[in-house]
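A.B. asks: coords below, sequence missing:
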């Protein structure tokens, strides 16, 4: 399915936010498009004050670097939606379960909701680990890996290998977007870790506030499968509902 200019621009923006700088030719190769198309997208992003053009590439404007991406900044967005999602997840998690939780602000809200339960929680999120260590009755297992510091999460081969000997009842996973094609993440390393979480868990809940619906990101984490549940606070259109039903993926709208 061909992507629109707006979708391509969003993908390029996500790439630059992740990498802080991008070369023109790398962007063209990464997104399988022409140099002129990349230049137009960069011109639009520069006009919006998101990036600054340089000879042969572009860099993120630092005073916008945390807007919508920094963990603390994100934690103040769509708060009510995240709380509704967290309340639902809390209602289905039972004492004694082993849970995997990845990094992100919606999953952080879920972790807050689970503080009173006795669980084994495996996480790659340093903020979630710190929260659980301070005030919960949970046994917390933190993966190793390379620190992705803007979200305070660990990723990479060491992080993924930590899951190979583990087995969980449930994985609770965030995302960058949901479309009819599947579930997306703006970072390829984090998407790879999420796939390991899915494989190591009996069932996976993808938690996403309404702002994620209809959005693509850089990497397709997974297509819809019967062992997945999408938990969202948004209005899910008919075509996406149909796709989830056909794939056997459960949908919960909070």
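C.D. replies: Cool, got the structure. All of these numbers come straight from a predicted model, not from anything done at the bench.
A.B. asks: Tell me who's in contact with residue 10.
C.D. replies: Contact analysis of residue 10 by C-beta atoms under 8 Å, 6 or more residues apart in numbering lists 215-217. Heads up, the C-betas are built off the backbone N, CA and C, glycines and all.
A.B. asks: what do you get if the cut-off is 7 Å, keeping everything else the same?
C.D. replies: residue 216 (C-beta atoms under 7 Å, 6 or more residues apart in numbering).
A.B. asks: And the pLDDT for it?
C.D. replies: pLDDT recorded at residue 10 is 87.
A.B. asks: so is the residue nearest to the spatial centre of the chain in a helix, a strand, or just coil?
C.D. replies: In the chain, the residue lying closest to the centroid (C-alpha atoms, centre = their mean) is residue 175, at 2.8 Å. For residue 175, the secondary-structure state derived from DSSP: H, G, I helix; E, B strand; the rest coil is coil.
A.B. asks: which residues touch it?
C.D. replies: 183-185, 206, 208, 212, 221.
A.B. asks: Take these and write them to JSON lines, including neighbour count, distance to residue 155 and secondary structure.
C.D. replies: Rendered in JSON lines, the data for the contacts of residue 175 read as follows (neighbours: other C-beta atoms under 10 Å; distance: C-beta to C-beta, whole Å; DSSP: H, G, I helix; E, B strand; the rest coil):
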{"residue": "183", "neighbour count": "28", "distance to residue 155": "17", "secondary structure": "strand"}
{"residue": "184", "neighbour count": "22", "distance to residue 155": "16", "secondary structure": "strand"}
{"residue": "185", "neighbour count": "26", "distance to residue 155": "11", "secondary structure": "strand"}
{"residue": "206", "neighbour count": "25", "distance to residue 155": "18", "secondary structure": "strand"}
{"residue": "208", "neighbour count": "26", "distance to residue 155": "19", "secondary structure": "strand"}
{"residue": "212", "neighbour count": "25", "distance to residue 155": "20", "secondary structure": "helix"}
{"residue": "221", "neighbour count": "25", "distance to residue 155": "13", "secondary structure": "strand"}
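A.B. asks: Closest to residue 229 out of those?
C.D. replies: Proximity of the contacts of residue 175 to residue 229 (C-beta to C-beta) peaks at residue 206, which lies at 7.1 Å.
A.B. asks: Next one: that closest one, what pLDDT does it get?
C.D. replies: For residue 206, the predicted pLDDT is 98.
A.B. asks: give me the beta-bridge partners of it?
C.D. replies: Applying DSSP bridges to residue 206 yields these beta-bridge partners: residue 173, residue 230.
A.B. asks: Tell me the helix or strand right after the lowest-mean-pLDDT helix or strand in the chain.
C.D. replies: The weakest-scoring helix or strand in the chain, judged by mean pLDDT, DSSP states H and E, is helix 71-74 (a mean of 50). The helix or strand immediately downstream of helix 71-74 is helix 79-92, counting by DSSP states H and E.
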